[in-house]
Each structure stands twice: as C-alpha cells, then as structure tokens.
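structure for this input, please:
(2 chains)
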Amino acid sequence: MSLFKIENLIYYYPDREKPALQEINLVIEEGEFILVAGGSGSGKSSLARVLAGLLPDFYGGRFGGKVYFKDRDMRKIDRRRLAREVGMIFQDPEKQLVMTGVEAEIAFGLENLGLPPKEMFRRVAEVISFLGLTNLRQEFTANLSGGEKQKLALAAVLAMQPQVLICDEPTSQLDPVAGEDFLNLVKRLNEEMGFTIVLIEQRLERCFHLADRVLLMEGGRIVQDGSPEQVARWAGKKEIPFIPPVARFFSLLGHAFIPVTVKEGRKYLKLSLEAGFASGSAKLALQEKEKHSAGSPKVREEEQDEEMLPGAELAVNREEPPLVEVKNLWFSYPDHKEVLQDISFQIKAGEFVVILGENGAGKSTLLKIMTGLLRPGRGKVFLSGHDIGKNNDRRATRLVAYLSQNPNDYLFQDTVEDELLFTLKNFDLGDDGIVDELLEMLHIDCYRRTNPRDLSSGERLRVALAAVLVTRPKLILLDEPTRGIDYRLKDELGVFLRGQVKKGASVVLVTHDVEFAAENASRVIMMFAGRIVSDGKKDEILERSIFYSTQIGKLWRGFGGGILTVNDALEWIRPLLQPKQVVRAGALE
Amino acid sequence: MLDKLFYQEKGLFLQSLHPLPALAYLGTLLVLALVFNHPLYLAGLLLVIGLTIWAAEGLETWESYLKIGLAMMALVMIINPLMIRAGKTIIWYGPNVPVFGRLTISLEALYYGIAMSVRLLDIISIFCLYNLIVHPDKVLNLLSRFAGKSVLVISIATRMFPIMARELENIRCVQQMRGVDFNKRSLKEKVKKCSSLINILVLSSLENSLEIAEAMQARAFGSGPRSCYRRSLWRPRDALCLSVSAGALGAGIWGLLHGFGAYAYYPQLDYLLGGTGTVAVLFIVLFNLSVPAILNWGWQHCPYLRSKI
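Numbering: from 1, shown residues only, chains lettered A, B, ... in the order given. Have a look, this model is predicted:
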C-alpha cells in the first residue's frame, strides 16, 4: 500500500486559465525522503498543498484526477484525521506562528485536535526535549531568531505526531547555519524516526544528497523523477540549472557517475586528476598550476561576451576618487547594542561588492547607514565626497537606490508602470524613456498595466528594483535580494546587476548566498559581530574561507587555486580534456 | 527599547504565581486605588506597589512608566488647583482671565491635585506590575475557557502588533528612499503620505493573513471542538496570595463603610489622622498587600519557606 498515490491530477487556481498542476501521476512510499526541485511557478508549492490536503479545500479552484492517501480518496478523509497524519511547514516562520508564547504555540495544533490535557502535556514535553527547546519554553515567539522560529514551527507540527512532513522551502528565510541545522533535523526525522519527508527547496547544494528521490517540476508537470544521481545526469544533459553545482560540473563533463556531494565529488575529482582526466597530462598540469596558483583562472576574453563576465569590474578606475567612503563608522541602537564598530572602507564607481556574514553581524544596518536612513553614531559616510549624515537632501537620496528584504514594501500603485512613475514624480523627474528601458531590461514590460500585487514573488522583486532604479542612481544597495528565488531568476538578477556595474554604477549587496557572490561580485567584504574581518577581491576572500565558500570551491580545495564556480572549474580543466569533452564543456559558454 | 515595558521571563517568584491569584492581587490594588480617597491610603498603596515592583526586579521598568506618569501628574497638579474653586483656604490670587474670571489657588485644591496625582501613579504602577509579573499567554489561557475564539483573536493581534510596527517602519524607510518626503509640506500632504504607508501595510497584512489562515488550517484549526492547554500549577503561594488579596479588599471595603479611607478635601481639609481606626485599617490593608513581596523575600533567602510555598 502506497502512502500517496496521485492519478492524472490537474488543478487550476480560481480565476486562472493556466493550470498550476497538470498530468501529475505520482506514488510516494512510506519512509521516503523526496526532494521537489524546479523554478518559481513550476508547481512545487501547489503539489505540496495537494499532499497536505490544502488544495482545493483552502484555495478553491478547479480540480481533476484522484489523490489517495493510504488508498483512501484524500477529499473524503476527515480534515482532523488528515492533520494528524500530514504536517506542513511553510516558507516564512513569521506567517505560521499564531500564539505569543513558545509552549502555547506547540500546543495550538493539539488543542485543535481536541486532545485531552494529559496527552497534550506529554506531547509538548516530548517535542520540547527532542528539539532542545527547553530554554526557550517560556520565551515569547517574537523574541526568537528566524532559525528558532522555524524550529518552533517544526515542533508545533511534530507534536501532532504526523506520519508525513511536507516542508515548503523551510530554509529560504534562514541564514545558512540555521538552514543547515533545520535540514539536518529533517534528515534525522526521516532516518531515525521513519517520517516520510517531502521537501521543496531552492538551494539544492544543501539538500540534494539528503533525498532518496528527486522530482523535477516545470510548467506544473513532473518532468523527471528518480534518484538524485539520475536526475542530476538528466538535468545536466538538458542544461536545466536545478541541480547542485558539483553535480552540474560533473554532468557537463559527461561523466557516467555524477557525484552529488562535495565528499563524493572530491574523491572522484582526485581520481580523475590522477588519471589525467583520460588525457594523462592532468597531474603534470596540476603540479604546474599549484606552482603558479596565484590569482584566479583567467577567462579567455575573446570567447566571452564582456557583459557576461563574472565578477566584472570593467568600469573601475583606480585613480578616480571613491564613490562611497566609510570612515571609522560606529553605530549603536537605543538598546545600547553596538552593531557597528570602527568600519572603514571605500567603494569606487563600477565595483560590485558583496557583504557576507552571519545574522546580526551588522550588514543590514551598514546598508541603511549608507542610504542615509540611519545616522552614524561616530564616524562619517561620504557619497561622492558629500557627508551623507549632514547632507541628507533629496539629491543624495536620488543617487542611491535601496532595495530592502521585502519587495512588498514598495508596491501599492494600481499598475507596474505607476510604481516607476511614482518614484520619478517624487523626485520631480520626467520620463526620458527610462521606464520603458527598465521594464524591458527586467523582462516585466508585459506586466506594465498589471497590478503589482497580482505578480509572483520573483516578478515583484523586479518591479521593486525597477521602481528604485528609475532615478538612474550611482549606488545600488540591495539587502538579500536572492532570498527565496530560484537559480534562473538569480542568474538573471546577476546579469542585470553586472550590466548596471558596467554602466558605471556601484552595487553593494548583502547576502548569505555565497554562490551568488562568487558568480557576480568583484569584491567581498566579510563581517562578524559588527566588524569587518576581511575585505578584498572575491577570489582571495572566498578561496581562503572554508565555510563561506562555494560548493565548487570546497570541491577544488587543495586541487587548484581561485576556483569558485562551475565556469572557473571548467576553464581550469579545459587543457586536460579530450576533444569530445571540450565540446560538451563548451556548451556552457 | 520598548521591550522592557512588556513582560519578560526572569524566573521570579512573583512570575510563578497562578494567573488567578496574580490577577486577584492586581485587581485588589486597582479597586482600592480607585475607591480610597485618603491621601495616606493612596500613598501607602504606592509604597506597597513600589515594594512589589522591587521584588519583581522591575525598578528600571517602573522608571520608564513613571516618566510617563510624572508628566501627567504635573499636568493634574497644575490644572486642578487652577480650575477648582471649591477650597476655602486661598493661598494665591492670580490675574483676571477672560471666561474664567480671577484665577485663585486654594490649599484644598492643591492637596486634592496632589492626592489625585498619587492615585494616577498608583494606577500606572499597577499596570507596570501587571506587565512585570503576568505572562499574557497565562491570562489568555485562563480566559479561553469562557471565550476561546476571542482569546485567539487577541493572541494573534498581540503577536502581530510588533511585527506590523516593524513593517511600518520598513515601509517608511523604503518610501523615503523613493523620494517620499514625510517631514516637509502641509498637514494635508503629510496625511496623504502617511495614508500611503498604511495602504501598503494593509495590502501586505491582508496577504499575510491568508498565509496565516492557511497555516492554521494545516494545523487542524476549525476541524471540530477544541480542547484547552493549561499548564498553570496551583501552589500554596497561590492560596496565600489569593487570601491576602481577599483580606486586603475585605478590610478596605469594611474601612470605607465605617468611614476609614475616605477623606474630605473641600471645602476645608479633613484631619489627616482621624483616629486609630484609620491607622489600623491602613496597616491591615498594607500588610496584606505586602505579603507577596515578603514571600518573595522568603523564597529567595529561606530555603525552608521556599520548599513549603
């Protein structure tokens, strides 16, 4: 008896003409760990909601086909019984917690099930002990960190003792450490407790290897279903980006075995290098490379479009005065917490700077001070030689674009075009064609007359970005813009921002996404506890770090210098490849 | 900064009270602060509340509350003597003011203003004490037996309030960066700009509410009758606090019925100490109300008492 069985499922959200899910046929066995991957709007979350019984019950819409849970039609199962069997964790921890206190939150679902008090006490106690929440038991949910909130959401679901746990991008709002912790916990639940897990994720490098099966979705359909290795090979062939970088690298080389973890990859890479990548010359080349390993691998410029160069700083002129100068900056919030301590750096026009660091390191505060929204406690911030703290005038504001973590904070006009015109009007500027230009560049011109609130999260991000770039700013500040967006959208955002850099603007971007930093930045600043711990060229900083490194960086540690992305690795390995493999690797460019 | 104005778990004796005696104690304080007129009684209550706040390690928090209270107190003390003409002992003759006539300040009105300010401080301090010792979830839990859904709505609203306040600040920041000037121009412009902030907040909140509702449905909300999770334990300390609250309330009301605790300010001030009865009732009320603070001291310093209560 299968746990879930879906037959010919088709589903339309209310008032939509395009189905969110179609031709879905799927069987999930008890105890499986299933990863669902795919782009935004591919139907991943809708599938999760079908499995949790929320579609069509909660949303309405048109529904065709059959969904069985333990051989019973899911639509005929009592909601209370279903909630006891299937638990769901959502993307944003803020939007799934109901009560003010931790213990009350865990008990909320149990109260809904109408359990007797003794049973509730037992379950709450059990789950608090299992998840190590004893110290937070009396805490208010508002005082918890993002990771703790998501753990609490998990505890609240686990207390209901479901058999299946469905997680819809549970780590997208968490920092990497909290995300890793959460996924390890989910893996433990699967391995040690026998939970059936259905996990939807965007950052596949963290979880691809955890799954028994991977479902790849596109356009509401399941386009591939198999083991991680099988799916990686298939996706690699089709050049679908929804596989981890290590798997992508090996699949692009056309290898029969596709490693999906750094551990497997390193083993395989070592063997391949020792064998000379079938050409016999690899070892020699490796030794030669190690001797002269300074700097990053040079990309053959004649083969690459200049605009697409990763980490480009084409417009940087070292002789020019800096666009931004931060001098001995200190900042404390009213609760006396010293968030920034003695921060100094300069940013030239045409630089793409990524600020990395743990939560609470002061990254977002630094960004807000650079906008002029917060005034420095001590020290100064100069923009084009003018003190931002003193001259917080409208002209200075116009030169700085700021994209906050939540694009929804920008959107309230009736149409997308009006959002852009609103900013122009506020600065008494006319439309000299910039509106059309931005809408086209960000691929949202088709939504010109659409209400921005009707768009998907990725599209909303682009509208918000357009709304702040419409003043042609010199400095573009972005606070975690890659949170919760898929590989494809991330690539597009990277290309767009590099385009802005090429035009002479400077980009400063706060993120936890090391892969994005490696693909796009020219310079990386790392912060810890309010201080800058390292600042330099992307390759120098990311290569030196073990934890803040890319998956490819971890794969190549000790094998070659300055390799952070799949492109870097392929360029490095190109001389060692046989002609047949060069053709495949060339496909990447 | 606002955090310290609200409940924080510190593992204190007073925070370990069952919500029923805790609410009974605070309710007694509030009722007595409202019914007593006598300045000594009002000052005595302030003393006891201060003592209990100290026992709840909340002097710093109290200071923040008092800052708000003192401003209001000054206002009462200035306005009351100027407006009230009932006192006989005039201590200052002021100028003639249109509509009001000649301003005068009487000793009685001044005393009354001071006494009412003390009452105001009493009430503000009781709310401070409430926030120091009563976990809001415990109270909601106590009430959920009678009004489950309303309690849930209050709980969600309480949880959402700080989130929405934070969101409003974020929206203000991003709109400012888009050139919206919140400081200059006319009041009409300001209102228009602030309404756009509220507009965004409401739009986002409506979207968020759908997600919260979905998460609640996934956790079986509305799938049938709910049960209620209660974890508050009943200890001897709760019985003690409940009885001393009842004792203080009983003594206070008995005193009032027999003329103690009341005080005539107009037309001329009454004697402050009308007799031994006034002092005796005051002592009984204050002693009863001090018991939680005394128990707190014993709980901290006397292992035997700690094990017994």
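
for the chain, give me the ranges with low pLDDT.
Just going to use chain A. Where chain A drops to pLDDT under 70, the residues are A:276-318, A:335-336, A:391-395, A:577-589.

oops, I was thinking of chain B
Counting by pLDDT under 70, chain B has low-confidence residues at B:1-5, B:184-185.

tell me the contacts of whatever residue of it ends up closest to chain A?
Each residue of chain B has a distance to chain A, by CB to the nearest CB, and the smallest belongs to residue B:179, at 2.9 Å. C-betas here are computed from N, CA, C, even on glycine. By CB atoms under 8 Å, 6 or more residues apart in numbering or on different chains, the contact set of residue B:179 is A:394, A:397, A:398, A:423, A:426, A:427, A:471.

ok, and which of those reach chain B?
Intersecting these with the contacts of chain B gives A:394, A:397, A:398, A:423, A:426, A:427, A:471 (criterion: CB under 8 Å from any CB of the partner chain).

so which pair among those is furthest apart in space?
Put simply, by CB to CB the two of the ones next to chain B among the contacts of residue B:179 set farthest apart are A:394 and A:423, 11.9 Å from each other.

of these two, who's got more company?
In this comparison of residue A:394 against residue A:423, neighbours counted by other CB atoms under 10 Å in any protein chain shown, the higher total goes to residue A:423 at 24 against 13.

in a helix, the more buried one, correct?
Yes. Remark: residue A:423 belongs to a helix, assigned using DSSP: H, G, I helix; E, B strand; the rest coil.

wait, it sits on residue A:466?
No. Contact criterion CB atoms under 8 Å: residue A:423 and residue A:466 do not qualify, at 9.0 Å.

just say helix, strand or coil for residue A:270.
Secondary structure assignment for residue A:270 (three-state DSSP): helix.

what's the nearest residue to residue B:248 if we skip its chain neighbours?
The spatial neighbour of residue B:248 that comes closest, neighbours along the chain excluded (CB to CB, 6 or more residues apart in numbering or on different chains), is residue B:288 at 3.7 Å.

returning to what we had before: mark which of the ones next to chain B among the contacts of residue B:179 are buried, thanks.
For the ones next to chain B among the contacts of residue B:179, a neighbour count by 16 or more other CB atoms under 10 Å in any protein chain shown gives the buried set as A:397, A:398, A:423, A:426, A:471.

next, count neighbours for residue A:414.
12.

how would you label it: helix, strand or coil?
When the rule is three-state DSSP, residue A:414 gets the label coil.

quick check: closest non-adjacent residue to it.
When the adjacent residues along the chain are set aside, residue A:414 lies closest to residue A:451, with 6.0 Å between them (CB to CB, 6+ apart).

again, but for residue A:480
The shortest distance from residue A:480 to any residue that is not its chain neighbour, by CB to CB, 6+ apart, is 5.1 Å, and that residue is residue A:405.

next, count neighbours for that neighbour.
In terms of burial, residue A:405 registers 16 neighbours under the definition other CB under 10 Å.

next: residue A:130.
Close neighbours of residue A:130, defined as other CB under 10 Å, add up to 15.

what about it, distance to residue A:567?
Noted for residue A:130: a distance of 43 Å to residue A:567, by CB to CB, to the nearest Å.

just the strands in the stretch 1-150 of chain B please.
Taking DSSP state E, counting those that start in this stretch to define them, one finds strands in the stretch 1-150 of chain B at B:90-97, B:101-106.

next, the angle strand B:101-106 makes with the first one.
With axes from the mean of the first three to the mean of the last three CA atoms, to 10 degrees as the basis, strand B:90-97 and strand B:101-106 are set at 160 degrees to each other.

elements contacting strand B:90-97?
Under the contact definition 3 or more CB pairs under 8 Å, 6 or more residues apart in numbering or on different chains; DSSP states H and E, strand B:90-97 sits against strand B:101-106, helix B:107-133.

now render these as TSV, adding mean neighbour count.
What follows is the helices and strands packed on strand B:90-97, written out as TSV (neighbours: other CB atoms under 10 Å in any protein chain shown):
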stretch	mean neighbour count
strand B:101-106	16
helix B:107-133	21
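
sorry, back to before: the residue nearest to residue B:248: helix or strand, and which one exactly?
Secondary structure assigned from DSSP states H and E places residue B:288 in helix B:276-301.

could I get the buried residue list for that helix?
By neighbour count with 16+ other CB under 10 Å, helix B:276-301 contains the buried residues B:278, B:281-282, B:284-286, B:288-293, B:295-296, B:298-299.

what's the first helix or strand after it?
helix B:303-308.

endpoints of stretch A:533-542, how far apart?
According to CA to CA, to the nearest Å, stretch A:533-542 extends 13 Å from its N-terminal end residue to its C-terminal end residue.

which positions in that stretch come out as buried?
Neighbour-count burial for stretch A:533-542 flags A:534, A:535, A:537, A:538, A:539, A:540, A:541, A:542 (criterion: 16+ other CB under 10 Å).

for the chain, which helix is longest?
Using chain A. Longest helix of chain A, by residue count under DSSP state H: helix A:176-193.

was after chain B, sorry
Max-length helix for chain B by DSSP H is helix B:187-218.

packing partners of that helix?
In this structure, helix B:187-218 packs against strand A:86-89, helix B:148-177, with contacts taken as 3+ CB pairs under 8 Å, 6+ apart.

any bit of the first one sitting next to chain B?
Which is strand A:86-89. Yes. Strand A:86-89 lies in contact with chain B when judged by CB under 8 Å from any CB; the contacting residues are A:87, A:88.

what packs against that strand?
The contact analysis (3+ CB pairs under 8 Å, 6+ apart) places strand A:86-89 against helix A:44-51, helix A:146-158, strand A:164-168, helix B:187-218.
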